[in-house]
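Peer 1: no sequence for this one, just the structure:
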Ligand code: ATP
Ligand code: MG
C-alpha cells in the first residue's frame, strides 16, 4: 500500500525508526518488492542504496552496489526513488522525500561537483572545500541571460534582482549554516554577481573591498574554520533607478576577534613597527595562548598589504589607518601589562614597565591613569562615593575587559567609516538587496551563553522562514481556489515566548538575576526551574543545567558563566580612562559607550554600583536582533542553507550523519516536511488527463480535462481527503500518484 493517511508533522529531532515512519509515511513495504531499489542501514549507521533480490516472510535479501549481499528485516528498509530521479536538481521532484532519499540525492550531486541543489524555495549549498568550476564571468553571463538555470547562488542573486525591479520591493538573501559551512564565501559569491552588473563604475569594487577589511578585523582561525567570522553581518546593497549599485550599508552583530594581529605583526613596514613598538607575534601574551601563529596557505604579511590597500579603496585616510593600527597594538600590549601585589589582602598596582608605558603612549594617557583604571574601582553606595581596591584576579579581568571592549569599539568604528564611505546619499532610490551572513543553530556537548544567544536568534529566523513558506504555500492554494484550512504548519511561537516573555521568560529572568549582587549561576538555574517548568519548551535539568526544545532539537545549556557574561564587564573607570586619553580614537569610543548605556533594567532591581547602569549583553543582543528582523520583514526573502559535509575541511568526503543533522538544524527537512503535510504533488488537469485518461474504462475522448480527471479519481477510488481539485491543477497528498503510476506501468 502506498497510501498513508495524512499525518500531522511530528516535532523535529532525531527519532526512532517508528517515529521516522510517522514522519515520512510508511513507504518501506512498497519499496520491498523484487528488483526495487531501497535504502538499508549499514552497521556504521549510514544508509546504502541496494536492490531487493527476494523477499520472504518479514526478511529481504538485498544486493549492495558493490555486489555484496545482505539479509535484513523488510520493515527496516526505506523505499528509494527510481533511477531516473537520481541527482534531480530540486529535492521536491523526488517521489519519496525520505531522509535517505534526500541524503542520497545531495551526495550523488556532490560527487559530481554539483554543490547546489534546490529544496523547493530554498537553495542548499554543500561546501566543496576546493575550487569548483562554477564561477566567473562566463557563468555570471549565463545566469544573467538565463541560458543556465541549474541551482546556483548566481540564480538566487539574479531572482532577487529581478524581483526587486518587478515588484519594487526590497529583497534579502538569508544565508545560514554552521561554522565552516561556507556562509561567508557564499555571501561573497552573491556580492560578486550583484557587483558584476555595474560595469566597473567604482562603487561595486569598493563594496567588494570591504570583505578583506572585515575579515581581517572580524575573522579568526578556530578549530572549526581557518577563517571563521566572529560576527554576524548584514550588508544592504542599494540600487539606482537604472538598477546599478549606488551604495551599501553594513550592520554587524556580536563579538569579534582577529586575523589583523598577525597580519600587522607580519606585514607592518619598518616605520610603523617603530611607531607602534611592535614585537613578534610569539612575544605577546594574548597571542601565545593559542600557540598558533600561522595558517596553512595564508601569507599574513601579504594579507596586511591587501587590507591596507582595501582601506585605501574605501577611503579610510592614512591618518585613520595609523590610528586604527595604534589601537590594535595597544590591545596587544595590554595583554602584557602586569601587576604587583601591594598588601596582604592581595590588592595590586600595575608594574610600570615597557608594556605599561607603550600602552599609555598609544592611548595618550599617563601610566598613573592606567594604573588607576586597572587597580581601583569607584562606586556609589547609598549616595556616597567609595573607592575599592582590586585584587589580582579582579585587576586581570578588568584589564582583559578593557582590551576586549577597545577592540570591539575599534571594529564598530571601522564599520562606521566604511558605511560613511559607501553611503548612498542623494542617488538613493530606496531599493536594495540585503545579504545576511549569520551563525547558524549550534548544539554541542556543552552549550553556554554564546549558544544560548545564537540559538535564540536562529529561533527568530526560523519563524521568519516558516512564515514565508507558509505564505508561499497559501498563495498557491488560494490562487487555485482550494480549501487550504486542511494544511497544517508547525510554528515555533511557543519557544520564542519562552525566551521573550516578560517578566517570566528566559531573557527577563537572566537580566533580573544578573543585577543581584549575590546571585550565582545556581540561583539563576533554580529561578528558571521555579518559573518556567510549565512551559512545554523548557525542561529543568540537574544542578545548573536546563534544556530548551528548539525547532532543530533539544539543547541542554549549562548556566556556568551566564550571569558574568551577561553583565557587561567593562567598568565605568575604564570608560573614564578612555575619555581622558589624548589619542583620537579612545575618546570617540568612550563617548559612544556612554551614549549606549541606556538603562533597560527596572529601577527596583538596580544595584547601586555606577556600572550597573549599562545595557546587559543579552538585551543588547535582543535589540540588535529585533532591528534585524524589522529590516528583513519588509523584504522578499531568498534562503540559502550552507552544509559542511565533513569536519576535516577536506574535499570529497561526505559524512551522512553530519549532513543529516545540519539538514535538520537549518530547516531543510522541515521544508520537505511542510510540503508533505500539505498537497505536495500538483499536476494540471490537462497533464493528468493525458497521462492517466487511457486507463479509464469508459470512453471520454470528447470530454474536457477536468471531467476526465474527476472520472479517473473516481475509478481508482482515490479518497476525497487525499486530493483537492483546483481551478487549474489537482493537488495530491503524498504517495497518491505512486498508485496510479503503478497501474499505468502495468498496463
Ligand atoms: P563561520 O561561521 O565560521 O564564519 P562560514 O560558514 O562563514 O563559517 P566560510 O568561511 O564561508 O564558512 O567557509 C569555510 C571554508 O570553506 C572557506 O575558507 C573555503 O575554504 C571553503 N569554501 C566554502 N565555500 C566554498 C565554495 N563555494 N567553493 C570553494 N570553497 C569553499
Ligand atoms: Mg563566516
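Peer 2: Noted; the coordinates are in hand. Small disclaimer: the values here were computed from a predicted structure and weren't measured. Ligands and ions are numbered 1, 2, ... in the order given.
Peer 1: where in the stretch 401-550 of the chain is pLDDT low?
Peer 2: Where the stretch 401-550 of the chain drops to pLDDT under 70, the residues are 425-429, 484-490.
Peer 1: state the number of residues packed around the closest residue to ligand 2 within it.
Peer 2: Nearest residue of the stretch 401-550 of the chain to ligand 2: residue 437, at 6.0 Å (C-beta to the ion). Glycine gets a C-beta too; all of them are placed from N, C-alpha and C. A count of nearby residues for residue 437, using other C-beta atoms under 10 Å, gives 26.
Peer 1: make 27 the starting number, not 1.
Peer 2: New numbering, starting at 27: the last item is residue 463.
Peer 1: what does the stretch 327-476 of the chain have sitting close to ligand 1?
Peer 2: The interface of the stretch 327-476 of the chain toward ligand 1, taken as C-beta under 6 Å from any ligand atom, is made up of residue 465.
Peer 1: next, give phi and psi for the nearest residue to the residue of the stretch 427-576 of the chain closest to ligand 2 once chain neighbours are set aside.
Peer 2: Leaving out its chain neighbours, the residue that sits closest to residue 463 by C-beta to C-beta, 6 or more residues apart in numbering is residue 213, at 4.2 Å. According to degrees, to the nearest 10, the main-chain angles of residue 213 amount to phi -60, psi -40.
Peer 1: so how far is ligand 1 from residue 213?
Peer 2: Look at residue 213 and ligand 1: by C-beta to the nearest ligand atom, to the nearest Å, they are 8 Å apart.
Peer 1: could you find the closest non-adjacent residue to residue 671?
Peer 2: Residue 671 sits nearest to residue 680 (C-beta to C-beta, 6+ apart), 4.6 Å away.
Peer 1: the residue of the stretch 427-576 of the chain closest to ligand 2 and residue 337: what is the separation?
Peer 2: Relative to residue 337, residue 463 is positioned 21 Å away (criterion: C-beta to C-beta, to the nearest Å).
Peer 1: contacting residues for the residue in the stretch 27-176 of the chain that ligand 2 sits nearest to?
Peer 2: Distances between the stretch 27-176 of the chain and ligand 2 by C-beta to the ion are smallest at residue 153, namely 11.4 Å. By C-beta atoms under 8 Å, 6 or more residues apart in numbering, the contact set of residue 153 is 141, 206, 207, 208, 211, 668, 669, 670, 671.
Peer 1: what about the first one, neighbour count?
Peer 2: It stands for residue 141. 22.
Peer 1: separation between it and residue 394?
Peer 2: Taking C-beta to C-beta, one finds residue 141 at 59 Å from residue 394.
Peer 1: in terms of secondary structure, what does the strand or helix carrying residue 572 contact?
Peer 2: Residue 572 is located in strand 571-576, with elements delineated by DSSP states H and E. Using 3 or more C-beta pairs under 8 Å, 6 or more residues apart in numbering; DSSP states H and E, the elements in contact with strand 571-576 are helix 475-505, helix 519-526, helix 547-558, strand 564-566, strand 579-584.
Peer 1: centre of the chain to the first one, how far?
Peer 2: It stands for helix 475-505. Computed by C-alpha atoms, centre = their mean, to the nearest Å, the chain-centroid distance of helix 475-505 equals 13 Å.
Peer 1: buried set for it?
Peer 2: 475, 477-492, 494-496, 499, 502-503 (16 or more other C-beta atoms under 10 Å).
Peer 1: report the angle between it and strand 579-584.
Peer 2: Using axes from the mean of the first three to the mean of the last three C-alpha atoms, to 10 degrees, the inter-axis angle of helix 475-505 relative to strand 579-584 is 160 degrees.
Peer 1: report the inter-axis angle for helix 475-505 versus helix 519-526.
Peer 2: Using the same axes, to 10 degrees: helix 475-505 against helix 519-526 is 150 degrees.
Peer 1: test my guess that the residue nearest to residue 463 contacts residue 461.
Peer 2: Yes - counting by C-beta atoms under 8 Å, residue 213 touches residue 461, with 5.1 Å between them.
Peer 1: these two: who's more crowded?
Peer 2: residue 461 (27 against 24).
Peer 1: tell me how many other residues surround residue 301.
Peer 2: Residue 301 is flanked by 14 other residues according to other C-beta under 10 Å.
Peer 1: could I get the contacting residues of it?
Peer 2: Taking C-beta under 8 Å, 6+ apart as the test, what residue 301 contacts is 348, 352.
Peer 1: repeat the analysis, applying 10 Å as the threshold.
Peer 2: The contact partners of residue 301, by C-beta atoms under 10 Å, 6 or more residues apart in numbering, come to 294, 348, 351, 352, 355, 388.
Peer 1: residue 536: how many residues sit nearby?
Peer 2: Counted with other C-beta under 10 Å, residue 536 comes out at 24.
Peer 1: would you agree it falls within a helix?
Peer 2: Yes - the assignment for residue 536 is a helix, going by DSSP: H, G, I helix; E, B strand; the rest coil.
Peer 1: I figured it hits residue 590, correct?
Peer 2: No - between residue 536 and residue 590 there is no contact under C-beta atoms under 10 Å: 11.6 Å.
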